[in-house]
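Colleague: Just the structure for this:
(one chain, ligands or ions: 2)
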Amino acid sequence: MVNKTENEQTGESVDLMDSTQVTIKEALDNLGYPDEVYQLLKEPMRTLTVRFPVRMDDGKVQIFTGYRVQHSDAVGPTKGGVRFHPDVNETEVKALAIWMSMKSGILDIPYGGGKGGIICDPREMSFREIEGISREYVRAISQIVGPTKDIPAPDVFTNSQIMAWMVDEYSKISEFDSPGFITGKPIALGGSQGRDTATAKGVTICVEEAARKRGMDLHGAKIIVQGFGNAGSYLSKFMHDEGAKVVGISDAYGAIYDANGLDVDYLLEKRDSFGTVTNQFDNPISNKELFSQDCDILIPAAIANQITEENARDIKASIIVEAANGPTTREATKILTDRGVLLVPDVLASSGGVTVSYFEWVQNNQGYYWSAENVANMLQSNLVNAFNKVYDASETHKVNMRLAAFMVGIRRLAEAVRFRGWV
Ligand SMILES: NC(=O)C1=CN([C@@H]2O[C@H](COP(=O)(O)OP(=O)(O)OC[C@H]3O[C@@H](n4cnc5c(N)ncnc54)[C@H](O)[C@@H]3O)[C@@H](O)[C@H]2O)C=CC1
Ligand SMILES: O=C(O)CCC(=O)C(=O)O
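Modeller: Ligands and ions are numbered 1, 2, ... in the order given. This next block holds a predicted model:
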């Protein structure tokens, strides 16, 4: 299975580009744009596949495959994370790049979407090997990226240390210090205050807004979070600190559930840098079992295609907030919407990361750095505004939140390609 993402829970494989294109088409039709705009925007403008060698610790050379995809540069440079994961494939990276365009559109950030990925498993590698992969990947993609062209960032199984190696490699290649080449850097290298927790903070803001709309008191609300990495662990902590009861969490190896609430601070202390923690517990349940447990709010914060038509009817939550990219299939979105579940889509809920990445890039460009409080306030007001724009569009057009989010997200891009005279 090369171009499809395999759902580990159901064995079903889902083409993320197909469902993305259907939603783009519906969004553009509802906004009244002609088919030629759809024909241009339904595929990324550039997809680069790279193969590069890295000498491993055993002395042997291993060849890795990676991708960098750029959806559209009509609004500005492209922007989006790089993931290191064994399941990375071209179709998924293309869909992820298009979703980045939607996020920037919703938040009114002057970027197009980009995304990268390398087929590898950093959990099985030494620090030195991960550094080698990071540097070789940057060399391989260096001609199409840069502070005014395409700006990478962290995603699944990548972090600020990897961003540091990548910016160092790019600065060597370009022969000057280029902090604006990448975001999610350590503070010492020009990173922004608040970028490490930004994705989780953005999700938390969306949970608060969704609960407000549904009249749900977050104090005591039961929350399940799939994934305990950058997004999942911090948002569990934020929810816990607000008085919500985090009853279930998971990672790639299993899940734990306790109806009385989990000790989130203990879990945070025990998790490793890849977001693994369930190996510390006897008899974890499976990710599949976790989804059918009792809760008020479900937050998928791991990988794509986790909520499908197979399990959508078993979900007890009345609010789902997608921290992960693409966790819910199109069919499952329909089932959940018909059941009256408020589903806050990924392109809105997970946009806190790119929002603070944009702040980081602006700070790098101007060489003046903002306080944590300033960053937090701007993230809060931008996310609340974005949530309400999408919610209102969903009410006005009587469409689900995902389609509403695409309608809000694609409008500026569609206008830009028209003004540029491309279609
Ligand atoms: N880091 C960021 O700033 C942003 C991340 N996201 C999305 O959030 C999601 C999580 O990303 P991060 O927390 O950054 O990654 P991470 O690498 O820090 O953590 C990933 C988590 O997912 C779990 N996981 C991996 N494979 C799994 C599988 N097959 N089944 C169940 N769990 C699995 C890992 O064990 C870990 O707990 C991804 O979908 C990512 O694209 C979205 C926006 C920004
Ligand atoms: O921080 C960024 O620029 C991009 C984050 C990302 O890859 C995402 O939102 O999926």
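
Colleague: now the closest residue to ligand 2 within the stretch 101-250 of the chain: how far from residue 95?
Modeller: As assessed by C-beta to the nearest ligand atom, ligand 2 sits closest to residue 153 within the stretch 101-250 of the chain, at 3.2 Å. The way it works is simple: take the backbone N, C-alpha and C, and place the C-beta from them, glycine included. Per C-beta to C-beta, to the nearest Å, residue 153 is found 17 Å from residue 95.

Colleague: do residue 386 as well
Modeller: Taken as C-beta to C-beta, the span from residue 386 to residue 95 is 21 Å.

Colleague: same deal with residue 29?
Modeller: Taken as C-beta to C-beta, the span from residue 29 to residue 95 is 20 Å.

Colleague: So between these two, which is more surrounded?
Modeller: residue 95 (26 against 13; other C-beta atoms under 10 Å).

Colleague: which ones are touching the residue nearest to that one when sequence neighbours are not counted?
Modeller: Excluding the flanking residues, the one nearest residue 95 by C-beta to C-beta, 6 or more residues apart in numbering is residue 16, at 3.7 Å. Counting by C-beta atoms under 8 Å, 6 or more residues apart in numbering, residue 16 touches 5, 91, 92, 95, 96, 304, 305, 326.

Colleague: Reformat these as a markdown table; add pLDDT and distance to residue 175.
Modeller: Shown next, in a markdown table, are these (pLDDT from 0 to 100; distance: C-beta to C-beta, whole Å):
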| residue | pLDDT | distance to residue 175 |
| --- | --- | --- |
| 5 | 51 | 39 |
| 91 | 96 | 36 |
| 92 | 96 | 34 |
| 95 | 98 | 35 |
| 96 | 98 | 31 |
| 304 | 96 | 38 |
| 305 | 95 | 43 |
| 326 | 97 | 38 |
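
Colleague: List the residues that contact residue 252.
Modeller: 275, 276, 302.

Colleague: hmm, I was thinking of residue 138
Modeller: Here residue 138 is in contact with 145, 166, 169, 170, 173 (C-beta under 8 Å, 6+ apart).

Colleague: Is stretch 142-161 in proximity to ligand 1?
Modeller: Yes: under the criterion of C-beta under 6 Å from any ligand atom, stretch 142-161 makes contact with ligand 1 via 154, 155, 156, 157.

Colleague: Tell me, what's the model's pLDDT at the residue of the stretch 201-350 of the chain found nearest ligand 1?
Modeller: The stretch 201-350 of the chain approaches ligand 1 most closely through residue 229 (1.8 Å), counting by C-beta to the nearest ligand atom. On pLDDT, residue 229 comes in at 97.

Colleague: Count the residues that sit near the closest residue in space to it that isn't next to it in sequence.
Modeller: Once flanking residues are discounted, residue 229 sits nearest to residue 275: 2.9 Å by C-beta to C-beta, 6+ apart. Residues near residue 275, counting by other C-beta under 10 Å, number 21.
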